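In: could you look at this predicted model? Sequence included:
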Amino acid sequence: VQLVESGGGLVQAGGSLRLSCAVSGLTFGNSAIAWFRQAPGKEREGVAGITRGLNTNYADSVKGRFTISRDDVKSTVYLQMNRLKPEDTAVYYCRAQPIGTTTQYWGQGTQITVSS
């Protein structure tokens, strides 16, 4: 199983970025996918998640600014991030969990830096 994140980088506050997470090696359409982030000195926290049935959930800190989506044909999940803030600076990870299992697969992470 492999998860590969891309789309990270440096952006000014108020700007936008779109992260992608390409998943291979598992039945993507039968998996829940989520984005997490970890800032320096802080614990990893959940940012957004999307189920097989396209139900979504978001951390309060990103509601109204971030949108998670998935393309089951491309086995890819996206995180559209708008109105970015310096406090969004972190390494962003995607995680896949096949439905009905407790197994979780993680990507290697991609750095987002938001300058003020």
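Out: Done, it's in. Worth saying up front: this structure is predicted, and the values here are computed from it rather than measured.

In: what strand or helix carries the closest residue in space to residue 84 that isn't next to it in sequence?
Out: Ranked by Cβ to Cβ, 6 or more residues apart in numbering and with sequence neighbours excluded, the top spatial neighbour of residue 84 is residue 114, at 4.6 Å. Any C-beta I mention is one placed from the backbone N, CA and C, and that applies to glycine too. Using DSSP states H and E, residue 114 sits in strand 110-115.

In: against which helices or strands is that strand packed?
Out: With contacts taken as 3 or more Cβ pairs under 8 Å, 6 or more residues apart in numbering; DSSP states H and E, strand 110-115 sits against strand 9-12, strand 17-24, strand 90-98.

In: mind checking how far residue 13 is from residue 81?
Out: Residue 13 is 12 Å from residue 81, where distance means Cβ to Cβ, to the nearest Å.

In: so who does the residue nearest the centre of the chain touch?
Out: Geometric centre of the chain, nearest residue: residue 35, 2.8 Å, by Cα atoms, centre = their mean. Residue 35 is in contact with 19, 21, 46-49, 68, 77, 79, 92-95, counting by Cβ atoms under 8 Å, 6 or more residues apart in numbering.
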